[in-house]
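Visitor: Turn this into a structure:
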Amino acid sequence: MKTWKLVSGILSIVLFVVVSFQSCAAGLGNALSENGESSGSGGILVAILMLSGGIVSIATKKSKGKGGNIALIVLFGLAALIGFGFAGSFADLNIWAFWCLINAIFAVVAMIKNKKDA
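Guide: Okay, the predicted model is just below:
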C-alpha cells in the first residue's frame, strides 16, 4: 500500500492544478451566464481537499497507525461528496470526485490491511 499512497499522492497534487484551473473557468462561466450554479466553487473545494489528501498520502505512506488512513478517508471522502453534489454543468467534476472516491476506498482497504498485519 506504500506504493499506492505515493502514486495517489503525487497524482492528487498534480491533478490539483488541473482541477483548480478548470474550476476557475467553470466559476467564470457560471458568473457570466448567471445560471445560479456553484460548480466552480465546489471544484475549488475539491481541488483544495485533493491537494491536502495528496500531501497527507505522501506524508503517511510509511505509517503503521490508523490516523493517516482516517485522515485520507475524511479528506478524499469529503471531496467526493462535494464533487458529486456540486457538479452541475461542470461535468468534469464528477471525474475528479470519482478519483477522490477511489482514493477513499483504497484508504479504507489500507486501514483494514494494516489492522490484519498488526
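
Visitor: Please name the nearest non-neighbouring residue to Met111.
Guide: Asn69 (3.9 Å; C-beta to C-beta, 6 or more residues apart in numbering). Where you see a C-beta, it was placed from the backbone N, CA and C, and this is true even at glycine.

Visitor: which ones are touching that neighbour?
Guide: Asn69 makes contacts with 60, 107-108, 110-111, 114, as judged by C-beta atoms under 8 Å, 6 or more residues apart in numbering.

Visitor: Pull out the buried residues from the helix or strand containing it.
Guide: If you go by DSSP states H and E, Asn69 is part of helix 67-86. Under the neighbour-count criterion of 16 or more other C-beta atoms under 10 Å, helix 67-86 has 68-69, 71-84, 86 buried.

Visitor: what angle separates the helix or strand just after that helix from helix 67-86?
Guide: Toward the C-terminus, helix 67-86 is succeeded by helix 92-117 as the next helix or strand (DSSP H and E). Computed by axes from the mean of the first three to the mean of the last three C-alpha atoms, to 10 degrees, the angle separating helix 92-117 from helix 67-86 equals 160 degrees.

Visitor: buried sites along helix 92-117?
Guide: By 16+ other C-beta under 10 Å, the buried positions in helix 92-117 come out as 92-93, 96-97, 99-101, 103-104, 106-107, 110-111, 114.

Visitor: Could I get the contacting residues of the closest residue to Leu15 other than its chain neighbours?
Guide: Leaving aside its chain neighbours, Leu15 sits nearest to Met50 (6.0 Å; criterion: C-beta to C-beta, 6+ apart). By C-beta under 8 Å, 6+ apart, the residues touching Met50 are 12-13, 15-16, 19, 76, 79, 96, 99-100.

Visitor: What is the nearest of the residues you listed to Leu45?
Guide: Ala79 (7.5 Å; C-beta to C-beta).
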